[in-house]
Structure formats: structure tokens, C-alpha cells
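Colleague: Kindly generate the corresponding structure for this input.
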Amino acid sequence: MFQSLQALPADPILGLMASYRADTNPRKIDLGIGVYKNESGDTPVMTAVKKAEELILKAQATKSYVGPTGAADYNAIVAELILGKSLVDSLGKRRVTVQSPGGCGGLRLAAEFIKSANPDATVWVSNPTWANHVPLLGSAGLKIEQYPYYDYNSHSVQFDEMIDCLSKVGSGDVVLLHGCCHNPCGADLNQEQWQKVRDIALQQGFTVFIDLAYQGLGDGLEEDVYGVRLLADSLPELIVVSSCSKNFGLYRERTGAMTLICENSETAAIATTQIAAAARAMYSMPPDHGAAIVQLILSDDKLRQEWDTELTEMRNRINGLRAQLVKQIETIGIDQDFSFIEREKGMFSFLGVNVDQVQSLVNDYSIYLVNSSRINVAGINDANIKYLAESLATVLKA
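Modeller: Below you'll find the predicted structure:
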């Protein structure tokens, strides 16, 4: 039976990572893989996480299953991080949050839930969107369409075109939005634009689905969820998938959540049974270790403050690197305007160079990025920023 299998092409980012590791050039730069890196190029375990792990290991008395929907205390405290206590209280039993195996697991869980609610639903994703959105959602059997989002010429959100498209999306369909720090372009909706999205969602009756993977890495923990909270307070239905991979550095622990807001508590109770059944069928039980860490950090005032301080340092570093890169490019004397990089948020931006220029950066200068020209800003540091700008200048002049 297995002889009939055909090899599939390697994931572009994973293939890039392998090439980077094999490269012996001492000046090589990894701008591809989407993980946070410090000035030394490492992805460290946060101090608050280390301390929480020590406490958990000392106190933990069992490794028994937690349950398909995860730990109740974790679910409650993550919901409060996303929505805020007052909104959680006002939503009451209209809101349900379940633990998931990372953001990816949450996205797939949400896809299965959407499929059970409306098998004919179309999920509208931004153009561009994170590369794994389409396979994660499409593999559940959902139809995928795109709405305009990013203008590659002006390096900004095509908001008028986006709203024009969404004004034609009807009830029964789902619109996927990035909560903050858009991956891959870094261009986010402002508060006024979020308000207009809310209005069009109320007008058209479609369901909004928010992927919140980077809370705290844009403008701040509270600022980054303005859109999420606005829509949660305004719409009869909302799906939010959140991840602790980036803001807690828990990549390999697969820690995430799916939060669902329904029109009433009765519907929420029914929906919970559907979500639990989907979880049971796919992975049975979510992993506990990462969730236990997050739960402890957020419920302990001292650990929470230490985590918040570390997260603030990460955010400030990324935003500072954006400004430094723009300044370095200007200093080198590149005529092309790269000021948009400083205005964008989160770990990612497009450089705005073509595929041939990307390949030159990779092959001639060992600067690794995907063909779309998306870069992970956190891969830049004081030791490589000048080399990056100089290499970019040479490629642009070629």
C-alpha cells in the first residue's frame, strides 16, 4: 500500500531552517523561522516560566488526565487575560473557553466546530495570511476564500477594499481576522477600522473568527486586544483562538485556547459538547504542562509581574529593532523607502523585494528569508544589522 505514496514538497520555512543550519558562513542571518530571539540569537526560557516550572514539579502529585476541554482554572484565567475581568463577568455563561494544543490545535478545533455548525460555511482569510491558516482550516473540509488586506505598494492595509469585500459576505460564513501583529505583513487595523469591521459584521451577520497569537508583542497586553474586546462586547457570536507560544515562550509545550461567545447560555452549553467531542476525536486530551505554567504565572502576583516585565522587554526590543533597521538603511544610502517597517507591529514585515532579490540574499549573503520577503524582525541584532542593510543595498543596486 505504501508504495503508492508520492513525496510532498517541503514546507518552505522548515526547508529554510535546515539550509540555515547547514550553512557554514559565520555571518549568516536567520530571518525565516517565526520564533522570538534575543540579542544573542537564542530563544530563551523566560525566567518566570522557569520559576513556575520549579514550583509545579515540587507540588505536582499526579500525571492523570485533565480532560478534553483542559484545566478549568487555566481556561478561566486565559479568558480573563484576553477579554478582561469585567467583560468575562458580563458575558457570563455566553462565553466558554477550552484549552487546546497550541494555537494550531485551537485553529483546527475551531475549524471542526465551524464544520459541525455549518458544513457549507466559507472561511474568508486575509490576503495575505499566515501560510498555515489554509491547510489547518481547509483540512477540516471548509471552503476558503480571500478578502483584500495588504497593499504591497503602499505597505498598508487596503481597508476600503477589505470593507467592500466583507460587505458582500453573508450570514453563515466566517471572517478570520488577526487580533494583532499581523502575520506575515505586520500591518494592523487601527481602532476606528476595528469599529467599522464590527459594524459590517453586525450588518451582514457573518461570524468573526480572531486568531490572537501575539498578545503583548505589539503595543501592550491591553492595547493588543482592543479589537477582540470590542467585538466580544458587541457581536452575538465570536470565535477567538489564542496562543501562549510567543508571549510566554512556550513553543514546544503547545499551549493555547479556543474561546467561544454565543448568543445565549443555552447555545454555549450545546456548543461546549460539540467542542469537547471534536477534541476527543482528534487528540483526546490536551497537554497539561504548558497550561499549568501559564495558570500559575497569571494567578501569582509576583510571577505575573516578572513575566509582564520580560514580555515588555521583548516587545520593546522588537519595536526598537524596527526603528534601528530603518535608520541603518537610511544611513547606508538606500533610496527606496523602508519607513513602513517602523510603523508595523509584531515580529514580521515584508521587505518588499522580489523573488530574485530574495534568492540573492539567501544564496550570496546567507541571509535567510522566504520568497514572499517576509522577515522575522527578532532575528536582527546589533551584530548583524549593518551587514543586513549593506547586503540589501547591494542586492537592490544589482
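
Colleague: how about the strands in this structure?
Modeller: Listed in chain order, the strands found in the chain under DSSP state E are 29-30, 95-101, 122-127, 143-148, 150-151, 156-157, 174-178, 207-212, 238-243, 255-261, 348-350, 367-368, 374-376.

Colleague: helices or strands next to the first one in the packing?
Modeller: Strand 29-30 makes packing contacts with strand 367-368 when contacts are defined by 3 or more Cβ pairs under 8 Å, 6 or more residues apart in numbering; DSSP states H and E. Yep, even glycine has a C-beta here, placed from its N, CA and C like the rest.

Colleague: which helix of the protein spans the most residues?
Modeller: For the chain, the helix reaching the highest residue count under DSSP state H is reported as helix 301-332.

Colleague: Mean confidence (pLDDT) on that helix, please.
Modeller: The pLDDT scores in helix 301-332 average 98.

Colleague: that older thread, mean neighbour count and mean pLDDT added to the strands of the chain, as a markdown table?
Modeller: Shown next, in a markdown table, are the strands of the chain (neighbours: other Cβ atoms under 10 Å; pLDDT from 0 to 100):
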| stretch | mean neighbour count | mean pLDDT |
| --- | --- | --- |
| strand 29-30 | 24 | 96 |
| strand 95-101 | 25 | 98 |
| strand 122-127 | 21 | 98 |
| strand 143-148 | 15 | 98 |
| strand 150-151 | 18 | 98 |
| strand 156-157 | 17 | 97 |
| strand 174-178 | 25 | 98 |
| strand 207-212 | 24 | 98 |
| strand 238-243 | 26 | 98 |
| strand 255-261 | 27 | 98 |
| strand 348-350 | 24 | 98 |
| strand 367-368 | 26 | 98 |
| strand 374-376 | 25 | 97 |
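
Colleague: Can I get those in TSV including distance to R304?
Modeller: Written out in TSV, the entries for these read as follows (distance: least, Cβ to Cβ, whole Å):
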stretch	distance to R304
strand 29-30	31
strand 95-101	19
strand 122-127	32
strand 143-148	37
strand 150-151	35
strand 156-157	33
strand 174-178	26
strand 207-212	19
strand 238-243	17
strand 255-261	16
strand 348-350	27
strand 367-368	36
strand 374-376	27
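
Colleague: just for the chain, where's the confidence low?
Modeller: Counting by pLDDT under 70, the chain contains no low-confidence segment.

Colleague: What are the structural domain limits within it?
Modeller: Per automatic domain parsing, the domain ranges recorded for the chain read 10-45+305-397, 65-299.

Colleague: A52: which of those domains is closest?
Modeller: Proximity to A52, assessed across the domains of the chain by Cβ to Cβ, is greatest for domain 65-299 (4.5 Å).

Colleague: Which of the domains of the chain has the highest mean neighbour count?
Modeller: With neighbours defined as mean count of other Cβ atoms under 10 Å, the domains of the chain peak in mean count at domain 65-299, which reaches a mean of 19.

Colleague: any idea how far the closest residue to D382 other than its chain neighbours is from G32?
Modeller: In space, and not counting its chain neighbours, D382 is closest to E39: 6.6 Å by Cβ to Cβ, 6 or more residues apart in numbering. Using Cβ to Cβ, to the nearest Å, one obtains 19 Å as the distance from E39 to G32.

Colleague: Okay, A52 and L351: tell me how far apart.
Modeller: Applying Cβ to Cβ to A52 and L351 gives a distance of 37 Å.

Colleague: Then A268?
Modeller: Taking Cβ to Cβ, one finds A268 at 44 Å from L351.

Colleague: Other residues contacting stretch 285-292?
Modeller: Under the contact criterion Cβ atoms under 8 Å, 6 or more residues apart in numbering, stretch 285-292 has outside partners 52, 56, 60, 65-68, 70-71, 74, 99-101, 105, 244, 248, 250, 253-255, 279.

Colleague: could you redo the last one with a cut-off of 6 Å?
Modeller: Counting by Cβ atoms under 6 Å, 6 or more residues apart in numbering, stretch 285-292 makes contact with 56, 65-66, 70-71, 74, 99, 101, 250, 253-255, all of which sit outside it.

Colleague: gap between it and the chain center?
Modeller: Between the mean C-alpha location of stretch 285-292 and the chain-wide mean there is a distance of 19 Å, by Cα atoms, centre = their mean, to the nearest Å.

Colleague: before we move on, what about stretch 307-318?
Modeller: Distance, stretch centre to chain centre, for stretch 307-318: 17 Å (Cα atoms, centre = their mean).

Colleague: Now tell me what touches it from outside.
Modeller: Taking contacts as Cβ under 6 Å, 6+ apart, the residues outside stretch 307-318 that touch it are 36, 46, 48, 216-217, 247, 297, 377-378.

Colleague: 7 Å instead, please
Modeller: By Cβ atoms under 7 Å, 6 or more residues apart in numbering, the surrounding residues in contact with stretch 307-318 are 36, 46-48, 216-217, 247, 297, 347, 377-378.

Colleague: among those, which two are most distant?
Modeller: Farthest pair in the contacts of stretch 307-318 (Cβ to Cβ) is I297 and V377. Separation: 25.4 Å.

Colleague: so which of the domains of the chain gets nearest F2?
Modeller: domain 10-45+305-397 (19.5 Å).

Colleague: related to what we said a few turns ago, any chance of the contacts of stretch 307-318 in a markdown table, plus distance to K28?
Modeller: Rendered in a markdown table, the data for those read as follows (distance: Cβ to Cβ, whole Å):
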| residue | distance to K28 |
| --- | --- |
| Y36 | 19 |
| M46 | 26 |
| T47 | 29 |
| A48 | 31 |
| G216 | 29 |
| L217 | 25 |
| N247 | 28 |
| I297 | 34 |
| M347 | 19 |
| V377 | 17 |
| A378 | 16 |
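
Colleague: Just name the closest of those residues to P12, please.
Modeller: Each of those was scored against P12 by Cβ to Cβ, and M347 proved nearest at 17.1 Å.

Colleague: surely that closest one meets I380?
Modeller: No. Proximity of M347 to I380 does not meet the contact threshold set by Cβ atoms under 7 Å, at 10.5 Å.

Colleague: Let me see the contact set for the closest residue to R374 other than its chain neighbours.
Modeller: Counting by Cβ to Cβ, 6+ apart, P184 is the residue found nearest to R374 once chain neighbours are left out, at 4.1 Å. Shown here is P184, whose contacts under the criterion Cβ under 7 Å, 6+ apart are 128, 130, 348, 350, 372, 374.
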